[in-house]
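Novice: structure, please.
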Amino acid sequence: MWKNLSKIPIKHPLAFGIVVSTFKTSASDLLVQTVVEQKKLEDVGWKRNAAFATFGCFYLGGVQYAIYVPLFSRIFPNAAKFAAKPIREKIKDTKGMAALCGQVFLDQFVHHPLLYFPVFYGTRELVMSEKPDLIRMLATYRENMKEDLLALWKVWVPSTFLNFAFMPMWARIPWVAGTSLVWTCILSAMRGGDVSHGVDIEAPFPTGSTLTLVEEGLDEIFASPVDLDPTLAHICISGAGPDRIGHVAKMARTIADAGGNVTHSKMIRLGHEFTTMMHVAIEPDKRGDLIKSLKTNEDLKLLKIRASSLTRRQTGSYKNTMVGLKIHVVGPDRPEMLANIAEVIAQRRMSIEDISTEIRRGKNNRRDFVVTAEVVTTEKMDQEHLDELNAEFQVIKDELNLSVVDIRVHM
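Specialist: The predicted structure follows:
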(Lines give C-alpha, C1' and ligand atoms only; values in the text may rest on other atoms or scores of the structure.)
Protein backbone atom coordinates (compact mmCIF):
# COMPACT_ATOMS: atom_id res chain seq x y z
CA MET A 1 0.00 0.00 0.00
CA TRP A 2 2.77 2.43 0.94
CA LYS A 3 4.54 1.75 -2.36
CA ASN A 4 1.39 2.64 -4.28
CA LEU A 5 0.89 5.81 -2.25
CA SER A 6 4.53 6.88 -2.71
CA LYS A 7 4.09 6.67 -6.49
CA ILE A 8 1.16 9.12 -6.55
CA PRO A 9 3.32 12.31 -6.54
CA ILE A 10 5.46 10.90 -9.37
CA LYS A 11 2.52 9.73 -11.50
CA HIS A 12 0.32 12.76 -10.82
CA PRO A 13 2.69 15.66 -10.01
CA LEU A 14 0.26 18.42 -11.03
CA ALA A 15 -2.64 17.06 -8.97
CA PHE A 16 -0.33 16.36 -6.02
CA GLY A 17 1.11 19.89 -6.15
CA ILE A 18 -2.37 21.42 -6.30
CA VAL A 19 -3.59 19.42 -3.30
CA VAL A 20 -0.49 20.25 -1.24
CA SER A 21 -0.62 23.97 -2.13
CA THR A 22 -4.34 24.21 -1.43
CA PHE A 23 -3.99 22.51 1.96
CA LYS A 24 -0.91 24.58 2.84
CA THR A 25 -2.53 27.92 1.99
CA SER A 26 -5.71 27.06 3.87
CA ALA A 27 -3.69 25.85 6.89
CA SER A 28 -1.54 29.00 6.83
CA ASP A 29 -4.57 31.29 6.85
CA LEU A 30 -6.16 29.25 9.65
CA LEU A 31 -2.91 29.53 11.60
CA VAL A 32 -2.85 33.30 11.16
CA GLN A 33 -6.49 33.70 12.19
CA THR A 34 -6.27 31.48 15.28
CA VAL A 35 -2.72 32.18 16.51
CA VAL A 36 -1.87 35.70 15.31
CA GLU A 37 -5.33 37.25 15.33
CA GLN A 38 -6.38 34.93 18.21
CA LYS A 39 -9.83 34.12 16.86
CA LYS A 40 -11.82 31.21 18.21
CA LEU A 41 -12.72 28.49 15.69
CA GLU A 42 -16.33 29.65 15.62
CA ASP A 43 -15.15 33.16 14.68
CA VAL A 44 -12.81 32.08 11.86
CA GLY A 45 -13.59 33.71 8.51
CA TRP A 46 -14.15 30.60 6.39
CA LYS A 47 -14.96 32.62 3.25
CA ARG A 48 -11.59 34.32 3.58
CA ASN A 49 -9.96 30.95 4.20
CA ALA A 50 -11.64 29.51 1.11
CA ALA A 51 -10.48 32.47 -0.97
CA PHE A 52 -6.85 31.97 0.05
CA ALA A 53 -7.19 28.21 -0.50
CA THR A 54 -8.44 28.96 -4.01
CA PHE A 55 -5.39 31.17 -4.58
CA GLY A 56 -3.20 28.30 -3.39
CA CYS A 57 -5.00 25.86 -5.64
CA PHE A 58 -4.98 27.78 -8.92
CA TYR A 59 -1.88 29.94 -8.64
CA LEU A 60 0.55 28.27 -6.25
CA GLY A 61 -0.43 24.76 -7.32
CA GLY A 62 -1.35 25.34 -10.97
CA VAL A 63 0.42 28.39 -12.40
CA GLN A 64 3.64 27.80 -10.48
CA TYR A 65 3.68 24.17 -11.59
CA ALA A 66 3.28 25.27 -15.20
CA ILE A 67 6.26 27.61 -14.81
CA TYR A 68 8.53 25.35 -12.77
CA VAL A 69 7.98 22.10 -14.65
CA PRO A 70 6.69 22.28 -18.29
CA LEU A 71 8.05 25.78 -19.05
CA PHE A 72 11.44 25.41 -17.37
CA SER A 73 11.80 21.90 -18.81
CA ARG A 74 11.51 23.37 -22.30
CA ILE A 75 13.85 26.29 -21.64
CA PHE A 76 16.33 24.11 -19.72
CA PRO A 77 15.96 20.57 -21.15
CA ASN A 78 18.54 19.00 -18.80
CA ALA A 79 17.12 20.48 -15.57
CA ALA A 80 15.68 17.17 -14.33
CA LYS A 81 18.89 15.24 -15.10
CA PHE A 82 20.98 17.87 -13.33
CA ALA A 83 18.81 17.65 -10.18
CA ALA A 84 19.32 13.87 -10.07
CA LYS A 85 23.13 14.05 -10.26
CA PRO A 86 25.37 13.68 -7.16
CA ILE A 87 26.89 16.88 -5.80
CA ARG A 88 30.35 16.10 -7.21
CA GLU A 89 28.97 15.74 -10.72
CA LYS A 90 26.85 18.87 -10.29
CA ILE A 91 29.94 20.94 -9.49
CA LYS A 92 31.68 19.69 -12.63
CA ASP A 93 28.64 20.32 -14.84
CA THR A 94 29.14 23.96 -15.87
CA LYS A 95 26.20 23.95 -18.29
CA GLY A 96 23.97 22.50 -15.60
CA MET A 97 25.12 25.13 -13.09
CA ALA A 98 24.41 27.85 -15.66
CA ALA A 99 20.95 26.41 -16.27
CA LEU A 100 20.36 26.33 -12.49
CA CYS A 101 21.26 30.01 -12.20
CA GLY A 102 19.03 30.76 -15.18
CA GLN A 103 16.02 29.09 -13.53
CA VAL A 104 16.58 30.94 -10.28
CA PHE A 105 16.95 34.23 -12.16
CA LEU A 106 13.73 33.77 -14.15
CA ASP A 107 11.81 32.72 -11.04
CA GLN A 108 13.05 35.36 -8.62
CA PHE A 109 13.68 38.32 -10.92
CA VAL A 110 10.96 37.87 -13.53
CA HIS A 111 8.18 35.58 -12.28
CA HIS A 112 7.79 36.97 -8.76
CA PRO A 113 8.08 40.72 -9.49
CA LEU A 114 5.90 40.69 -12.62
CA LEU A 115 3.36 37.98 -11.88
CA TYR A 116 3.29 36.53 -8.36
CA PHE A 117 3.26 39.74 -6.29
CA PRO A 118 0.60 41.53 -8.41
CA VAL A 119 -1.64 38.44 -8.25
CA PHE A 120 -1.14 38.01 -4.51
CA TYR A 121 -1.73 41.69 -3.71
CA GLY A 122 -4.84 41.57 -5.93
CA THR A 123 -6.16 38.47 -4.16
CA ARG A 124 -5.51 39.98 -0.74
CA GLU A 125 -7.25 43.23 -1.76
CA LEU A 126 -10.34 41.34 -2.93
CA VAL A 127 -10.45 39.15 0.18
CA MET A 128 -9.42 41.50 2.99
CA SER A 129 -10.84 44.88 1.92
CA GLU A 130 -14.46 45.88 2.40
CA LYS A 131 -14.26 47.99 -0.76
CA PRO A 132 -11.63 46.42 -3.06
CA ASP A 133 -9.67 48.90 -5.14
CA LEU A 134 -7.25 47.35 -7.62
CA ILE A 135 -5.73 50.73 -8.49
CA ARG A 136 -4.91 51.25 -4.80
CA MET A 137 -3.53 47.71 -4.73
CA LEU A 138 -1.14 48.42 -7.60
CA ALA A 139 -0.05 51.65 -5.92
CA THR A 140 0.63 49.71 -2.68
CA TYR A 141 2.68 47.11 -4.54
CA ARG A 142 4.63 49.80 -6.38
CA GLU A 143 5.38 51.51 -3.05
CA ASN A 144 6.43 48.24 -1.35
CA MET A 145 8.16 46.67 -4.34
CA LYS A 146 11.76 47.36 -3.33
CA GLU A 147 11.35 46.15 0.26
CA ASP A 148 9.23 43.16 -0.80
CA LEU A 149 11.72 41.96 -3.39
CA LEU A 150 14.75 42.41 -1.15
CA ALA A 151 12.98 40.45 1.60
CA LEU A 152 11.93 37.77 -0.88
CA TRP A 153 15.44 37.31 -2.26
CA LYS A 154 17.05 37.04 1.19
CA VAL A 155 14.99 33.93 1.95
CA TRP A 156 13.89 32.50 -1.37
CA VAL A 157 17.00 32.80 -3.53
CA PRO A 158 18.83 30.24 -1.31
CA SER A 159 15.67 28.12 -1.03
CA THR A 160 15.10 28.21 -4.80
CA PHE A 161 18.71 27.19 -5.48
CA LEU A 162 18.19 24.14 -3.25
CA ASN A 163 14.84 23.40 -4.86
CA PHE A 164 16.01 23.50 -8.48
CA ALA A 165 19.37 21.88 -7.70
CA PHE A 166 18.15 18.84 -5.76
CA MET A 167 14.39 18.33 -6.04
CA PRO A 168 12.95 16.09 -8.77
CA MET A 169 10.39 17.85 -10.96
CA TRP A 170 7.39 16.45 -9.07
CA ALA A 171 8.75 17.75 -5.73
CA ARG A 172 9.33 21.37 -6.77
CA ILE A 173 5.86 22.61 -5.78
CA PRO A 174 5.73 20.63 -2.48
CA TRP A 175 9.15 22.12 -1.59
CA VAL A 176 7.79 25.64 -2.13
CA ALA A 177 4.64 24.84 -0.14
CA GLY A 178 6.61 23.33 2.74
CA THR A 179 9.05 26.24 2.95
CA SER A 180 6.18 28.72 2.82
CA LEU A 181 4.34 26.92 5.63
CA VAL A 182 7.47 26.92 7.80
CA TRP A 183 7.81 30.68 7.17
CA THR A 184 4.20 31.27 8.26
CA CYS A 185 4.68 29.08 11.36
CA ILE A 186 7.76 31.09 12.37
CA LEU A 187 5.91 34.38 11.98
CA SER A 188 2.86 33.07 13.84
CA ALA A 189 5.01 31.81 16.72
CA MET A 190 6.86 35.11 16.96
CA ARG A 191 3.84 37.38 16.49
CA GLY A 192 1.07 35.53 18.36
CA GLY A 193 -1.61 38.05 19.31
CA ASP A 194 -0.28 40.64 16.86
CA VAL A 195 -3.60 41.81 15.49
CA SER A 196 -2.02 44.74 13.62
CA HIS A 197 0.04 42.59 11.25
CA GLY A 198 -2.28 39.68 10.48
CA VAL A 199 -2.75 40.85 6.88
CA ASP A 200 1.01 41.01 6.30
CA ILE A 201 1.61 37.54 7.71
CA GLU A 202 -0.85 36.06 5.20
CA ALA A 203 1.81 36.30 2.45
CA PRO A 204 3.14 32.83 1.48
CA PHE A 205 6.48 34.44 0.63
CA PRO A 206 8.54 36.96 2.60
CA THR A 207 7.66 40.60 2.02
CA GLY A 208 9.30 43.74 3.39
CA SER A 209 6.73 43.85 6.20
CA THR A 210 7.10 40.21 7.27
CA LEU A 211 10.91 40.30 7.18
CA THR A 212 10.79 43.39 9.39
CA LEU A 213 8.55 41.49 11.83
CA VAL A 214 11.07 38.65 12.02
CA GLU A 215 13.98 41.07 12.51
CA GLU A 216 12.06 42.82 15.31
CA GLY A 217 11.45 39.47 16.98
CA LEU A 218 15.11 38.50 16.73
CA ASP A 219 16.16 41.90 18.08
CA GLU A 220 13.91 41.31 21.08
CA ILE A 221 15.39 37.85 21.68
CA PHE A 222 19.02 38.95 21.49
CA ALA A 223 18.71 42.36 23.15
CA SER A 224 20.53 42.90 26.44
CA PRO A 225 20.76 45.72 29.00
CA VAL A 226 23.33 48.54 28.68
CA ASP A 227 25.23 50.35 31.40
CA LEU A 228 24.78 54.00 32.47
CA ASP A 229 26.52 56.67 30.38
CA PRO A 230 29.22 58.06 32.72
CA THR A 231 29.13 61.51 31.05
CA LEU A 232 25.52 62.19 32.04
CA ALA A 233 23.60 62.66 35.26
CA HIS A 234 21.10 59.88 36.00
CA ILE A 235 17.87 60.34 37.93
CA CYS A 236 15.24 57.91 39.17
CA ILE A 237 11.85 59.61 38.95
CA SER A 238 8.91 57.90 40.60
CA GLY A 239 5.37 58.80 41.38
CA ALA A 240 2.05 57.34 42.47
CA GLY A 241 -1.43 58.75 42.68
CA PRO A 242 -5.02 58.54 41.43
CA ASP A 243 -5.20 57.27 37.87
CA ARG A 244 -5.83 60.00 35.30
CA ILE A 245 -5.62 60.07 31.52
CA GLY A 246 -2.57 62.05 30.41
CA HIS A 247 -0.18 61.39 33.31
CA VAL A 248 2.43 59.76 31.07
CA ALA A 249 2.16 62.42 28.37
CA LYS A 250 2.60 65.26 30.89
CA MET A 251 5.59 63.63 32.61
CA ALA A 252 7.30 62.76 29.33
CA ARG A 253 6.75 66.28 27.91
CA THR A 254 8.08 67.97 31.07
CA ILE A 255 11.20 65.76 31.00
CA ALA A 256 11.77 66.33 27.27
CA ASP A 257 11.34 70.11 27.55
CA ALA A 258 13.96 70.16 30.33
CA GLY A 259 16.46 68.30 28.14
CA GLY A 260 16.06 64.87 29.75
CA ASN A 261 15.92 61.51 28.02
CA VAL A 262 13.78 58.66 29.37
CA THR A 263 15.74 55.43 28.89
CA HIS A 264 14.03 52.82 31.09
CA SER A 265 10.55 53.12 32.51
CA LYS A 266 7.85 51.04 34.09
CA MET A 267 4.29 52.33 34.40
CA ILE A 268 1.25 50.44 35.56
CA ARG A 269 -2.27 50.97 36.86
CA LEU A 270 -2.99 49.00 40.06
CA GLY A 271 -6.65 49.35 40.91
CA HIS A 272 -7.38 53.08 41.02
CA GLU A 273 -3.72 53.97 41.52
CA PHE A 274 -1.27 54.82 38.75
CA THR A 275 2.39 54.12 39.52
CA THR A 276 5.41 55.05 37.46
CA MET A 277 9.17 54.74 37.71
CA MET A 278 11.54 56.24 35.15
CA HIS A 279 15.26 56.38 34.60
CA VAL A 280 16.19 59.73 33.04
CA ALA A 281 19.58 60.67 31.63
CA ILE A 282 20.40 64.37 31.42
CA GLU A 283 23.34 66.73 31.20
CA PRO A 284 24.59 67.40 34.75
CA ASP A 285 23.98 71.18 34.63
CA LYS A 286 20.31 70.65 33.72
CA ARG A 287 19.56 68.18 36.51
CA GLY A 288 18.29 70.74 39.03
CA ASP A 289 15.99 72.49 36.57
CA LEU A 290 14.44 69.15 35.56
CA ILE A 291 13.64 68.16 39.14
CA LYS A 292 12.21 71.62 39.87
CA SER A 293 10.01 71.47 36.73
CA LEU A 294 8.56 68.14 37.75
CA LYS A 295 7.85 69.08 41.36
CA THR A 296 6.30 72.46 40.56
CA ASN A 297 4.12 71.23 37.70
CA GLU A 298 0.50 71.64 38.84
CA ASP A 299 -0.70 68.86 36.52
CA LEU A 300 1.61 66.35 38.20
CA LYS A 301 0.97 67.19 41.87
CA LEU A 302 -1.42 64.25 42.27
CA LEU A 303 1.46 61.86 41.49
CA LYS A 304 3.64 63.16 44.34
CA ILE A 305 6.78 63.06 42.19
CA ARG A 306 10.04 61.99 43.85
CA ALA A 307 13.50 62.22 42.29
CA SER A 308 16.78 60.68 43.40
CA SER A 309 20.23 60.51 41.84
CA LEU A 310 21.53 57.24 40.45
CA THR A 311 25.13 56.09 40.42
CA ARG A 312 26.89 52.93 39.33
CA ARG A 313 26.85 50.07 41.79
CA GLN A 314 29.75 50.27 44.20
CA THR A 315 31.21 46.79 44.54
CA GLY A 316 34.74 47.63 45.68
CA SER A 317 36.04 47.87 42.14
CA TYR A 318 33.73 48.17 39.16
CA LYS A 319 33.71 45.19 36.82
CA ASN A 320 32.34 45.05 33.32
CA THR A 321 29.34 42.85 32.62
CA MET A 322 30.50 39.60 31.04
CA VAL A 323 27.22 37.79 30.36
CA GLY A 324 23.55 38.78 30.25
CA LEU A 325 20.61 36.41 30.43
CA LYS A 326 16.91 36.78 29.79
CA ILE A 327 14.86 34.36 31.89
CA HIS A 328 11.19 33.73 31.12
CA VAL A 329 9.12 31.44 33.35
CA VAL A 330 5.42 30.53 33.22
CA GLY A 331 3.51 28.24 35.55
CA PRO A 332 0.39 27.81 37.71
CA ASP A 333 0.10 30.72 40.13
CA ARG A 334 1.52 29.99 43.58
CA PRO A 335 3.18 32.22 46.22
CA GLU A 336 6.76 30.87 46.17
CA MET A 337 7.45 31.11 42.43
CA LEU A 338 9.15 34.52 42.47
CA ALA A 339 11.07 33.71 45.65
CA ASN A 340 12.47 30.46 44.23
CA ILE A 341 13.51 32.06 40.95
CA ALA A 342 15.09 35.09 42.62
CA GLU A 343 17.02 32.82 45.04
CA VAL A 344 18.57 30.84 42.19
CA ILE A 345 19.63 34.09 40.53
CA ALA A 346 21.11 35.43 43.79
CA GLN A 347 22.94 32.19 44.59
CA ARG A 348 24.60 32.41 41.18
CA ARG A 349 25.86 35.90 42.05
CA MET A 350 23.80 37.44 39.27
CA SER A 351 22.34 40.91 39.39
CA ILE A 352 18.74 41.54 38.36
CA GLU A 353 18.62 44.48 35.96
CA ASP A 354 14.91 44.27 35.21
CA ILE A 355 12.18 41.92 36.36
CA SER A 356 8.44 41.93 35.77
CA THR A 357 5.65 39.64 36.90
CA GLU A 358 2.04 39.27 35.89
CA ILE A 359 -0.91 36.94 36.30
CA ARG A 360 -2.70 35.90 33.13
CA ARG A 361 -5.10 33.27 31.84
CA GLY A 362 -3.25 30.40 30.21
CA LYS A 363 -4.28 27.16 28.54
CA ASN A 364 -7.59 25.67 29.69
CA ASN A 365 -8.32 28.98 31.43
CA ARG A 366 -5.58 28.26 33.99
CA ARG A 367 -4.38 31.11 36.21
CA ASP A 368 -0.69 31.47 35.27
CA PHE A 369 2.06 33.44 36.97
CA VAL A 370 4.63 34.86 34.53
CA VAL A 371 8.13 36.04 35.43
CA THR A 372 10.44 37.78 32.95
CA ALA A 373 13.86 38.80 34.23
CA GLU A 374 16.96 40.31 32.68
CA VAL A 375 20.06 39.50 34.72
CA VAL A 376 23.78 40.09 34.31
CA THR A 377 26.97 38.75 35.84
CA THR A 378 30.51 40.07 35.95
CA GLU A 379 31.91 36.55 35.87
CA LYS A 380 32.58 34.46 32.80
CA MET A 381 30.17 31.60 32.24
CA ASP A 382 31.32 28.62 30.26
CA GLN A 383 29.04 25.86 29.02
CA GLU A 384 29.42 23.94 32.29
CA HIS A 385 28.13 26.89 34.32
CA LEU A 386 25.25 27.40 31.91
CA ASP A 387 24.34 23.71 32.14
CA GLU A 388 24.34 23.94 35.94
CA LEU A 389 22.09 27.00 35.85
CA ASN A 390 19.74 25.29 33.45
CA ALA A 391 19.68 22.17 35.67
CA GLU A 392 18.69 24.29 38.68
CA PHE A 393 15.81 25.81 36.76
CA GLN A 394 14.74 22.37 35.58
CA VAL A 395 14.50 21.32 39.24
CA ILE A 396 12.30 24.35 39.92
CA LYS A 397 10.28 23.52 36.82
CA ASP A 398 9.53 20.05 38.18
CA GLU A 399 8.85 21.25 41.73
CA LEU A 400 6.49 24.06 40.71
CA ASN A 401 4.99 22.29 37.68
CA LEU A 402 6.09 25.10 35.37
CA SER A 403 4.99 24.95 31.74
CA VAL A 404 7.70 27.26 30.35
CA VAL A 405 11.33 27.80 31.37
CA ASP A 406 13.20 29.78 28.72
CA ILE A 407 16.76 31.05 29.28
CA ARG A 408 18.44 33.19 26.59
CA VAL A 409 22.11 34.10 26.80
CA HIS A 410 23.65 37.36 25.57
CA MET A 411 27.42 37.19 25.41
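Novice: in the stretch 301-411 of the chain, which spans are helices?
Specialist: Counting by DSSP state H, counting those that start in this stretch, the stretch 301-411 of the chain has helices at residues 337-347, 383-400.
Novice: the shortest one - what's its average pLDDT?
Specialist: When you say that, I think you mean helix 337-347. Averaging pLDDT along helix 337-347 gives 85.
Novice: which strands or helices does it pack on?
Specialist: strand 323-332, strand 351-361, strand 367-377, helix 383-400 (3 or more Cβ pairs under 8 Å, 6 or more residues apart in numbering; DSSP states H and E). All C-beta atoms are positioned from the backbone trio N, CA, C, and that covers glycine.
Novice: repeat that with 7 Å
Specialist: strand 367-377, helix 383-400 (3 or more Cβ pairs under 7 Å, 6 or more residues apart in numbering; DSSP states H and E).
Novice: so for it, what gets flagged as buried?
Specialist: For helix 337-347, the neighbour count (16 or more other Cβ atoms under 10 Å) marks 337, 340-341, 344-345 as buried.
Novice: which of these lies closest to residue 281?
Specialist: residue 345 (26.4 Å; Cβ to Cβ).
Novice: pull the contacting residues for the residue nearest to the closest one when sequence neighbours are not counted.
Specialist: Nearest non-adjacent residue to residue 345, counting by Cβ to Cβ, 6 or more residues apart in numbering: residue 375, 5.5 Å away. Residues near residue 375 by Cβ atoms under 7 Å, 6 or more residues apart in numbering: 325, 327, 345, 350-353.
Novice: and residue 375, how far is that from residue 355?
Specialist: Taking Cβ to Cβ, to the nearest Å as the measure, residue 375 and residue 355 are separated by 8 Å.
Novice: make TSV out of the buried residues of helix 337-347 and add distance to residue 302.
Specialist: Converted to TSV, the buried residues of helix 337-347 look like this (distance: Cβ to Cβ, whole Å):
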residue	distance to residue 302
337	34
340	38
341	35
344	40
345	36
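Novice: of the contacts of residue 375, keep whichever come out buried.
Specialist: 325, 327, 345, 350-351, 353.
Novice: check residue 263 and give its pLDDT.
Specialist: 82.
Novice: and the one helix or strand it maps to, what does it pack onto?
Specialist: Using DSSP states H and E, the element containing residue 263 is strand 261-270. Counting contacts by 3+ Cβ pairs under 7 Å, 6+ apart, strand 261-270 is packed against helix 247-257, strand 273-282.
Novice: alright, that wraps it up for me.
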